[in-house]
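Peer 1: Need coordinates for the below:
(one chain, ligands or ions: 2)
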Amino acid sequence: MSPHLISPSLLSCDFLKIGEEVKMLNESKADWLHLDVMDGSFVPNISFGLPIISAVKKISRMPLDVHLMIVNPEKYISDFRNAGADHITVHYEACTHLHRTLHQIKETGTLAGVALNPHTPVEVLFDVLEDVDLVIMMSVNPGFGGQKFIYRSLDKIKRLRKEIIERNLNTLIEVDGGVGLQNAEAILSAGAQVLVAGNAVFNTPDPSKTIHQFKMIEIGNFV
Ligand code: DX5
Ligand code: ZN
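Peer 2: Ligands and ions are numbered 1, 2, ... in the order given. This is a model prediction of the structure:
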């Protein structure tokens with residue numbers, strides 16, 4: 001059994017059939033369900049929000065992995081928790097008081113995540129790393145599914161993983177954007193434990209089989 005986790009992004013699903021898509025994922029080997037919330041301000045796109053998350057929560061057997069691409073995320077932490085989020089990830093670039101926001105998330109009983117845009121160095125997290133359960137390393141500029149993976153991200157994953165190991169922390173590294181079967185091995189070998197995949201899962205004839213293929217990927221050594 002592979003130790004890495006797959007978090008399919010619902011952004012690429014058929015929204016006319018969202019219930020069926022979630023049920024299909026329930027029966028697949030998907031570990032988490034990734035939900036991308038976009039506000040048209042932090043990112044140049046608007047996706048969905050609380051009502052969709054509440055609806056999905058009613059039928060999902062997977063933990064809801066909520067990625068907030070919104071300004072002032074601290075205003076909405078309890079709302080997203082009440083809607084059913086099991087992990088709440090805020091963007092480093094959207095938080096003036098990141099340490100406070102991370103603790104606000106933890107107080108709701110969820111995993112606290114931070115996402116980093118492609119231009120943001122991982123070192124900005126080093127003074128709060130003990131407080132972070134999950135780092136979402138953006139390997140595209142956030143806002144849209146189906147973009148091309150930025151290969152420079154591999155070096156960032158390696159640097160962060162090294163730091164996490166040196167400090168003996170359990171912080172998970174999740175990679176989001178342009179992830180596919182062709183680059184998953186390199187991403188996992190660099191030190192990631194969780195793969196988000198939107199387009200690579202939903203734009204295939206058999207998404208469940210694709211998720212299985214993601215799970216079967218053999219991991220090399222990241223050092
Ligand atoms: C992008 C989102 C991603 C997106 C990934 O801003 O955060 O989660 O859905 O889609 P793919 O896997 O198609 O790049
Ligand atoms: Zn995402």
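
Peer 1: Stretch 200-218: which residues count as buried?
Peer 2: For stretch 200-218, the neighbour count (16 or more other Cβ atoms under 10 Å) marks 200-202, 204, 207-208, 210-211, 213-215, 217 as buried. (C-beta placed from N, C-alpha, C; glycine too.)

Peer 1: What is the most widely separated pair among those residues?
Peer 2: Farthest apart among the buried residues of stretch 200-218 by Cβ to Cβ are F202 and I217. That separation is 18.5 Å.

Peer 1: Give the other helices and strands that the helix or strand containing K156 contacts.
Peer 2: K156 belongs to helix 153-166 when assigned by DSSP states H and E. When contacts are defined as 3 or more Cβ pairs under 8 Å, 6 or more residues apart in numbering; DSSP states H and E, helix 153-166 packs onto strand 134-138, strand 172-176, helix 184-190.

Peer 1: Please see if that helix touches ligand 1.
Peer 2: No - on the criterion Cβ under 6 Å from any ligand atom, helix 153-166 is out of touch with ligand 1, staying 12.0 Å away.

Peer 1: contacting residues around the residue in the chain that ligand 2 sits nearest to?
Peer 2: The nearest approach of the chain to ligand 2 comes at H67, 3.8 Å away (Cβ to the ion). Going by Cβ atoms under 8 Å, 6 or more residues apart in numbering, H67 touches 34-37, 89, 113, 115, 136, 176, 196.

Peer 1: Mind checking which of the residues you listed are in helices?
Peer 2: Using DSSP state H, the subset of the contacts of H67 located in helices is empty.

Peer 1: Who wins on neighbours among those?
Peer 2: Top of the contacts of H67 by neighbour number is V196, holding 29 neighbours under the definition other Cβ atoms under 10 Å.
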